[in-house]
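Trainee: Sequence plus the predicted model coming up.
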Amino acid sequence: MPRYYFDLTDERGTALDEEGLDLSSMRAVQAEAAKSVGDMARDAIISAPAAGRQRMEIAVRDASGPVMQVTLSFAIETFRPPGSSGDH
């Protein structure tokens, strides 16, 4: 079974995957990339400022080189200051 490496890039830089995962198909690679980018997005949204845009990427490679890239961009827009409510 081939080993795939999932390198993560966001506004802080790139983290190279040195361990990798043994996966049986490109479908499994895509599913793992989707899970990884979902985890990154959740963490980024939780820790992001109240407004702004972010971009993140997962570059998947095997022993021969690049095999897939997944890029996600999102924006946070705040319409009310924190702590305010529409009820007065």
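Mentor: Perfect, thanks for sending it. Residues are numbered from 1 along each chain as shown.
Trainee: so where do the strands sit in this protein?
Mentor: With DSSP state E applied, the chain shows strands at 3-10, 13-15, 21-22, 52-62, 65-76, listed in chain order.
Trainee: a markdown table for those strands, including distance to Ala28 and mean pLDDT?
Mentor: Heads up, the C-betas are built off the backbone N, CA and C, glycines and all. Listed next are the strands of the chain as a markdown table, based on distance: least, Cβ to Cβ, whole Å; pLDDT from 0 to 100:
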| stretch | distance to Ala28 | mean pLDDT |
| --- | --- | --- |
| strand 3-10 | 9 | 95 |
| strand 13-15 | 21 | 94 |
| strand 21-22 | 9 | 97 |
| strand 52-62 | 11 | 92 |
| strand 65-76 | 11 | 93 |
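Trainee: who touches Thr71 in this structure?
Mentor: Arg55, Met56, Glu57 (Cβ atoms under 8 Å, 6 or more residues apart in numbering).
Trainee: measure the second one to Thr71 for me?
Mentor: Put plainly, it is Met56. Met56 sits at a distance of 7 Å from Thr71 (criterion: Cβ to Cβ, to the nearest Å).
Trainee: Could you do the last one as well?
Mentor: Spatial separation of Glu57 from Thr71 under the definition Cβ to Cβ is 5 Å.
Trainee: again with Phe79
Mentor: For Phe79 relative to Thr71 (Cβ to Cβ), the value is 27 Å.
Trainee: now Ala28
Mentor: Ala28 is 20 Å from Thr71, by Cβ to Cβ.
Trainee: Same question for Arg55.
Mentor: According to Cβ to Cβ, Arg55 and Thr71 sit 7 Å apart.
Trainee: One more: Arg53?
Mentor: From Arg53 over to Thr71 (counting by Cβ to Cβ), the distance is 13 Å.
Trainee: ditto for Arg80
Mentor: 30 Å.
Trainee: which residues touch Ala44?
Mentor: Counting by Cβ under 8 Å, 6+ apart, Ala44 has contacts Asp10, Gln54, Met56, Phe74.
Trainee: Check the residues you listed against Ser36 and report the nearest one.
Mentor: Met56 (9.6 Å; Cβ to Cβ).
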